[in-house]
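Undergrad: Build me a structure from this.
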Amino acid sequence: MILVTGGTGLVGSHLLFDLIRSGKQVRALKRKTSDTGMIQKIFSYYSDAPELLASKIEWVDADLLDFASIEDSLDGISEIYHAGAVVSFYPADHKKMLKVNIDGTANLVNLALEKNINKFCYVSSVSTLGRADNHGLTDEETFWIHSGKNSVYAISKYGAEREVWRGMEEGLNAVVINPSVILGPGFWNDNSGLFRLVWKGLKFYTKGINGYVDVKDVVKVMILIMEKNLFNERFIVSSENISYQRLFTLMARNLDEPEPTINVPPLLNHIAWRVEAVRSFITGSKPEITKEMATTTLQQYTFSNDKIRKALSFEFLPIDESIRQTCQFFKKDHFIGG
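TA: Below you'll find the model as predicted:
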């Protein structure tokens, strides 16, 4: 049986779909407060029988910080896909994010070693690579550099990665994948929030560049890596490097919205997050822009996918097609167009 963490998230829900559709027995961890309703919605994008497929998931309430609850969930498990994590760029979430992402991963690694789990796939991030001071193409050998440009999220994922690498040293058959920015449908207020912002009429862009990948490709790569037993390695999972202007333009065109036309220079970008912080403090709501977000959008990050393409003979879905497909789901969910 396969264990999946983070099953109620963007990557985890798509992973559950592919595993269940291929006939695998799957157990998925969730917090007691987690809503599994999104699973059926994600499944409905790709299947005419979402309820039937979703009913095959064995859900278990567990907390990555609760060693005992995780231990019970590993009975009969032979493979683990660890996609569970706190993802946030809001200062109020930093302490929790560091705790869950690092200590929770350490707990899972320790139990995997104790119970002789055969295979372990950890979903990390390209943010753990040394892109902060690297102006060329980042690959798997571009190692972490301590820098003020690293977000707290990146620090938490780097700490979690170290626990996985430690597990490998102790005999765990594990692999680390480092996806770039993941695009996919359904989570319009969270992971897929950029589509919502463009639909609302986003007018601005920066000169930043980043890597992007479709969520379906991330899941395909994870499953293929485990099937081929490519352990004690890391793989960057990214389709293309494109500018924010290009990204927002593609989204706008596919959502039938005006394209962004206003370039935000660095000075205005830094002013924007400070103004938003004041608004957030006064209203008590979460800021739409944080310092970490503003800093990231100004950087020009590019990533190489040569290693994974060669290892799996894999071809990624072009980002313009990923955006087109995701926008179709967005329009359907928001009753836009025919």
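
Undergrad: rest of the way, CA atoms for contacts and neighbours
TA: OK.

Undergrad: can you pull out the helices in the stretch 151-300 of the chain?
TA: Taking DSSP state H, counting those that start in this stretch, the helices of the stretch 151-300 of the chain run over residues 152-169, 193-199, 215-227, 244-254, 266-283, 291-298.

Undergrad: In a helix, K307, correct?
TA: Yes - counting by DSSP: H, G, I helix; E, B strand; the rest coil, K307 is found in a helix.

Undergrad: contact partners of the helix or strand in which A28 is found?
TA: Per DSSP states H and E: A28 is located in strand 26-30. The contact list for strand 26-30, computed with Cα atoms under 8 Å, 6 or more residues apart in numbering, reads 1-8, 16, 19-20, 56-63, 73.

Undergrad: Try it again at 10 Å.
TA: With Cα atoms under 10 Å, 6 or more residues apart in numbering as the test, strand 26-30 has contacts from 1-8, 12-13, 16, 19-20, 36, 56-64, 69-70, 73-74, 76-77, 79-82, 84.

Undergrad: hmm, which of these are the buried ones?
TA: Buried members of those, scored by 16 or more other Cα atoms under 10 Å, are 2-8, 12-13, 16, 19-20, 56-57, 59-60, 62-64, 70, 73-74, 77, 79-82, 84.

Undergrad: What ranges in the stretch 201-338 of the chain fall below the confidence cut-off?
TA: Applying pLDDT under 70 to the stretch 201-338 of the chain picks out residues 265-298, 337-338.

Undergrad: could you redo the last one with a cut-off of 80?
TA: Low-confidence segments of the stretch 201-338 of the chain, defined by pLDDT under 80, span residues 264-299, 336-338.

Undergrad: and the contacts of strand 26-30, which of them are in strands?
TA: Among the contacts of strand 26-30, the ones falling in strands (DSSP state E) are 2-5, 58-61, 79-82.

Undergrad: I182: which of those is nearest?
TA: Nearest to I182, judged by Cα to Cα, of those is H82 at 16.2 Å.

Undergrad: Spit out the contact partners of the closest one.
TA: H82 neighbours (Cα under 10 Å, 6+ apart): 3-7, 12, 29, 105, 108-109, 120-124, 176.

Undergrad: same check, this time on F195
TA: Contacts for F195 (Cα under 10 Å, 6+ apart) come out as 183-185, 187-189, 202, 248, 251-252, 254-255, 323, 326-327, 330.

Undergrad: Just the buried ones from the residues you listed?
TA: Neighbour counting with 16+ other Cα under 10 Å marks 183-185, 187, 202, 248, 251-252, 254-255, 323, 326-327, 330 as buried within these.

Undergrad: could I get these as a markdown table with distance to I236?
TA: Formatted as a markdown table, those follow (distance: Cα to Cα, whole Å):
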| residue | distance to I236 |
| --- | --- |
| L183 | 15 |
| G184 | 18 |
| P185 | 22 |
| F187 | 23 |
| L202 | 30 |
| F248 | 23 |
| M251 | 24 |
| A252 | 28 |
| N254 | 28 |
| L255 | 29 |
| I323 | 20 |
| T326 | 22 |
| C327 | 25 |
| F330 | 27 |
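
Undergrad: quick one: which of the residues you listed is nearest to F143?
TA: Checking those one by one against F143 (Cα to Cα), the nearest turns out to be L183, at 24.8 Å.

Undergrad: residues contacting the closest one?
TA: With Cα under 10 Å, 6+ apart, L183 has these contacts: 10-11, 191-195, 212-218, 319, 322-323, 326.

Undergrad: These, buried ones only, as a PyMOL selection?
TA: Remark: buried members of those, expressed as a PyMOL selection using 16+ other Cα under 10 Å:
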select buried, resi 10+11+191+192+194+195+212+213+214+215+216+217+218+319+322+323+326
